[in-house]
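>>> Give me a 3D structure for the following:
(one chain, ligands or ions: 1)
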Amino acid sequence: MDFVSNESTNPSYEISSLIAPTINTTPTTPSSSSSSPISSASNNNNNNNNTTPTPSRYENQKRRDWNTFCQYLRSHKPPLSLPLCSGTHVLEFLHYLDQFGKTKVHNPTCPFFGIPNPPAPCPCPLRQAWGSLDALIGRLRAAYEENGGQPETNPFAARAVRVYLRDVRDFQAKARGVSYEKKRKRPKPNVKG
Ligand SMILES: [Zn+2]
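Just a heads-up that it's a prediction; the model follows:
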C-alpha cells in the first residue's frame with residue numbers, strides 16, 4: 001500500500017509552518033492513519049457522516065508542532081525518548097527553533113535597541129518572537145498530555161520553561177521597544193491649558 005508518510009526527514013517544512021501560522025495550508029492531507037491514541041475528547045457531534053470532519057486550525061497546528069518536537073527528539077544526539085524529556089530539553093528545542101526566527105531582536109549594544117521601527121538595517125539576530133514561542137509551548141503542553149504524558153511530568157509546564165518565556169518576553173519588549181503587557185485602559189486626564 002502506498003502509505004504516504006508525512007514524517008519527512010526535512011524538518012524545515014514543518015518548522016516553517018509553525019513559524020508562519022498565517023500560511024495558507026490546503027487541508028488535503030490524506031488521513032490514512034485512523035489509529036489515534038488520543039482519548040477523544042469529542043466535543044463535536046460525530047454523526048457518522050461521510051464528510052470527514054476537518055480538524056480546526058489549532059488542532060492541525062498542534063499536531064504539526066507535536067510531530068516536529070518528536071522528530072527533534074529522534075534526531076537528538078544522544079537520542080531522547082519522551083519520558084526522559086525535561087524542561088531543559090524543551091529549552092534546547094526553543095533555542096534550536098531560533099535559527100528559523102524572523103523577528104529582529106536588537107542586542108543591548110545596538111543603537112536601535114528599544115526602537116520599534118529602526119531607520120536602517122543592523123546585524124542583530126533574528127529570533128522567534130515571544131508570542132510564537134508562548135503559543136507553541138501552550139500547544140505542545142496540551143499535546144503532551146493528549147499523547148499519554150502525565151501532567152506532573154509535563155516538561156512544557158516546567159518552571160524553567162515558564163521562567164525562560166517570561167525572560168524572552170521582557171527582553172524582546174525592551175529590545176524591540178514594544179509592550180506585551182495588556183494595555184490598561186486609562187482615561188486621558190484633561191490637560192489644562
Ligand atoms: Zn540591532
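>>> going forward, measure contacts between C-alpha atoms and count neighbours the same way
Fine.
>>> who's in contact with R63?
Applying Cα atoms under 8 Å, 6 or more residues apart in numbering, we find R63 in contact with A143.
>>> Do I have it right that Q172 meets Q128?
No. Taking Cα atoms under 8 Å as the definition, Q172 is not a contact partner of Q128, at 10.0 Å.
>>> If you count surrounding residues, which of the two has more?
Taking neighbours as other Cα atoms under 10 Å, Q172 and Q128 compare with Q172 leading, 24 against 21.
>>> and the helix or strand hosting the more buried one, average pLDDT?
Assessed by DSSP states H and E, Q172 sits inside helix 159-176. Mean pLDDT, helix 159-176: 97.
>>> How about stretch 75-91?
93.
>>> residues making contact with that stretch?
With Cα under 8 Å, 6+ apart, stretch 75-91 has contacts from C70, L73, R74, N154, P155, F156, A157, A158, R159, A160, V161, Y164.
>>> Tell me, how many residues neighbour the nearest residue to the first one once chain neighbours are set aside?
Leaving aside its sequence neighbours, C70 sits nearest to L82 (Cα to Cα, 6 or more residues apart in numbering; 7.8 Å). When counting by other Cα under 10 Å, one arrives at 14 neighbours for L82.
>>> how far away is L82 from S132?
For L82, the distance to S132 (Cα to Cα, to the nearest Å) stands at 23 Å.
>>> so can I have CSV of the contacts of stretch 75-91 showing neighbour count and distance to T88?
Converted to CSV, these look like this (neighbours: other Cα atoms under 10 Å; distance: Cα to Cα, whole Å):
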residue, neighbour count, distance to T88
C70, 15, 15
L73, 19, 13
R74, 14, 16
N154, 19, 12
P155, 26, 8
F156, 26, 10
A157, 20, 11
A158, 16, 9
R159, 11, 10
A160, 16, 7
V161, 21, 8
Y164, 13, 10
